[in-house]
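> Sequence first, predicted model second:
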Amino acid sequence: MGAFEQALMVEAEHIHKVVAYLKSKKQLNSIAYLPKGKEIQHMFGDLIVNTVKNEFLSAEVKIDQVGWKSNNFFLETWSNKNYTQGWMKTCKADYLIYYFTILEEMYIMKFNMLKHWAYELKEMDKFKTKEQKKYNQLNVSVGHVVPIWKLGNMKWCTKIDLKQDDLCGEETIIFK
């Protein structure tokens, strides 16, 4: 099994927790999975969300099994080093949902604000780049490793602890 197939299996195994949480929120009418494919994923990401205000929002979902060890987000700049740009450059979704499986923590960020922070303010350049080494793969995936606390404290980022959030309790505003 290739690295891409492994990543899809990990996503399939854990994305249901993300979707279940989102579906539990009174702020949303519905959620739809988007079919896998480069064009659709670059434009909209993985999910389309319909809010109670009848807005349609797109979200890219990243499932991370190892970032908790280093307390970092992996923001992919190259999907295949020097040949194919990564999702930080190519994805045009409204939101990035980054889920750390072991911590059961989810961060929902306005993608345009993350990109503004990363590229226009050049903040991402302050953090080192790393090659993804989790999977044995032909392409070389490269990204910046940014501490969770750095992005988690931004006004345009919502942190959700799935272990503590009462799905029936007080509403967390998830799409700011």
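Yes, it's here.
> tell me which residues of the helix of greatest length in the chain are tucked away?
In the chain, taking DSSP state H as the definition, the longest helix is helix 3-23. Counting neighbours by 16 or more other Cβ atoms under 10 Å, one finds that the buried residues in helix 3-23 are 7, 10, 11, 14, 15, 18, 19, 21, 22. From N, CA and C alone the C-beta is placed, and that goes for glycine too.
> For stretch 29-36, what does the pLDDT average out to?
For stretch 29-36, mean pLDDT rounds to 90.
> chain center to it, what's the gap?
Remark: stretch 29-36 is offset 15 Å from the chain centroid, using Cα atoms, centre = their mean, to the nearest Å.
> Same check on stretch 78-97?
The chain centroid and the centroid of stretch 78-97 are separated by 11 Å, computed with Cα atoms, centre = their mean.
> Now do it: distance from first to last residue.
The first and last residues of stretch 78-97 sit 19 Å apart, counting by Cα to Cα, to the nearest Å.
> What of stretch 92-105?
Per Cα to Cα, the first residue of stretch 92-105 is 23 Å away from its last.
> With stretch 116-126 instead?
Across stretch 116-126, first to last residue, Cα to Cα, it's 14 Å.
> Check stretch 123-139 too.
Start-to-end span of stretch 123-139 (Cα to Cα) is 26 Å.
> if we look at that stretch, which residues are touching it?
Residues from elsewhere that reach stretch 123-139 (Cβ atoms under 8 Å, 6 or more residues apart in numbering): 2-4, 6-7, 65-66, 74-77, 79-81, 83-84, 88, 117-118, 140-147, 150.
> just to revisit the earlier point, which is the next helix or strand following the longest helix of the chain?
Remark: after helix 3-23, the chain's next helix or strand is strand 28-33, criterion DSSP states H and E.
> Which elements pack onto whichever helix or strand comes after that next one?
Downstream of strand 28-33, the next assigned helix or strand under DSSP H and E is helix 38-44. Judged by 3 or more Cβ pairs under 8 Å, 6 or more residues apart in numbering; DSSP states H and E, helix 38-44 is in contact with strand 56-64.
> what does the strand it packs on contact?
Against strand 56-64 from outside (Cβ under 8 Å, 6+ apart): 10-11, 13-15, 18, 34, 41, 43-51, 73-74, 87, 91-101, 108, 111, 175.
> Alright, I will stop here.
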